[in-house]
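*Asks:* this is a predicted model, with the sequence first.
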Amino acid sequence: MRSQLAGILLAVAMVWPGVCAAADIRLVTADGAITEIVYRLGLESLLVGVDTTSGFPEAIAALPKVGYLRALPFEGVLALQPDMLITSEQAAPQKNLERLSKAGVQVEILPSAWSSEASLHRVQTVGGLLGKEAEARALVADLQARIDTLHRSAEARGYRPKVLFVLAAGNHSVMLAGKNTAAEALLDEVNADIAFADLEGYKPASREAILASQPDAIVIAESVPGQFNIDNWPELQLLDAWKSGHRLQADSMLLLGFGPRLVDAMAAVNEVLPGRQGVANR
């Protein structure tokens, strides 16, 4: 089905040459990281709607919301009369994407980006779709230089700290990150390992598992900034990493979006990781 959709989208692109270069294109984005790229390229005036994962920058709040990335409504998107929808492979349901394409919307589905290389490639792709190739190349060059600096700093640490990564969507939906997640991918960018390497994906947090993890650092990703209440999770406060200040609490879209703020996410995580001496003295 996915390959059939790709064929439909290719056909639309072939009969719609140059639409992306028009200054008055009506654009909807359904992926917070893609929305951020549009802003970083100075193309926010094209946006007529975004999905609910798009919350940065703050100016985005003034735009109509078309719903959640994984449950995009056909009518809700089409009502905005977009010329183009740029989204990621996380978007669903597929039938609505196909209906939008058949209705005349140029639907572009970009692959997920779980590495700095893939993240920068997505910036260049969005720039190409919207006729801003040169601006995208300049942004990529700037981000690449900053990422290279952080990579060197992380490698100079000389070891890979073990990080307890917590995903919080309210205190009643607290998950522990394992392998094959964006959390693991982010940690790999800063030369660190996920604490629960034997865990696949995200699993409900276990208080016993938290105590047994004994990480070098703790990262808490919040779906809404400030919503995680540490008082409800005293087990975290008992960990040496928490007591020694090797912890970070930040917005999940910043940490896991792999958008143009990836370099900021890397810097924030790298800053709380201890050096060898910090681990030895725990």
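*Replies:* Structure's in. What do you need? Numbering: from 1, shown residues only.
*Asks:* residues contacting the nearest residue to Gln81 once chain neighbours are set aside?
*Replies:* Ranked by C-beta to C-beta, 6 or more residues apart in numbering and with sequence neighbours excluded, the top spatial neighbour of Gln81 is Arg26, at 5.9 Å. (C-beta placed from N, C-alpha, C; glycine too.) Under the criterion of C-beta atoms under 8 Å, 6 or more residues apart in numbering, the contact list for Arg26 reads 46, 48, 80-84.
*Asks:* which of those are buried, as a PyMOL select command?
*Replies:* A single PyMOL command selects the buried members of those (16 or more other C-beta atoms under 10 Å):
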select buried, resi 46+48+80+82+83+84
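*Asks:* and the helices in the stretch 1-150 of the chain?
*Replies:* 2-14, 32-40, 74-78, 94-102, 116-129, 133-156 (DSSP state H, counting those that start in this stretch).
*Asks:* just want the most central residue of the chain.
*Replies:* Gly257 (0.7 Å; C-alpha atoms, centre = their mean).
*Asks:* wait, isn't it in contact with Ile34?
*Replies:* No - between Gly257 and Ile34 there is no contact under C-beta atoms under 8 Å: 9.2 Å.
*Asks:* quick one on the thing from earlier: single out the most deeply packed of the helices of the stretch 1-150 of the chain.
*Replies:* Ranked by mean neighbour count, the helices of the stretch 1-150 of the chain are led by helix 32-40 with a mean of 25 (mean count of other C-beta atoms under 10 Å).
*Asks:* for that helix, the distance to its chain's centre please.
*Replies:* 10 Å (C-alpha atoms, centre = their mean, to the nearest Å).
*Asks:* what mean pLDDT does it have?
*Replies:* The average pLDDT for helix 32-40 rounds to 97.
*Asks:* with stretch 93-101 instead?
*Replies:* 97.
*Asks:* again with stretch 105-118
*Replies:* 96.
*Asks:* please renumber the chain so that the first residue is 47 from this point on.
*Replies:* Fine by me, first position is 47 from now on; the one you just mentioned is stretch 151-164.
*Asks:* for Phe102, find the nearest of the helices of the stretch 47-196 of the chain.
*Replies:* helix 78-86 (5.9 Å; C-beta to C-beta).
*Asks:* distance of Met312 relative to Leu156?
*Replies:* Distance of Met312 to Leu156, computed by C-beta to C-beta, to the nearest Å: 21 Å.
*Asks:* scratch that, Leu319
*Replies:* The gap separating Leu319 from Leu156 is 30 Å, by C-beta to C-beta.
*Asks:* then Leu245?
*Replies:* Taking C-beta to C-beta, one finds Leu245 at 28 Å from Leu156.
*Asks:* more crowded one of those two?
*Replies:* Taking neighbours as other C-beta atoms under 10 Å, Leu245 and Leu156 compare with Leu156 leading, 21 against 18.
*Asks:* the more buried one against Ala137, yeah?
*Replies:* No - assessed by C-beta under 8 Å, Leu156 is found out of contact with Ala137, at 9.5 Å.
*Asks:* joint contacts of the two?
*Replies:* Contacts common to Leu156 and Ala137, judged by C-beta under 8 Å, 6+ apart, are Asp77.
*Asks:* count of residues packed around the closest residue to Ala138 other than its chain neighbours?
*Replies:* Leaving aside its sequence neighbours, Ala138 sits nearest to Arg116 (C-beta to C-beta, 6+ apart; 4.8 Å). Residues near Arg116, counting by other C-beta under 10 Å, number 12.
*Asks:* so what's Arg116 up against?
*Replies:* So Arg116 contacts 136-138 (C-beta under 8 Å, 6+ apart).
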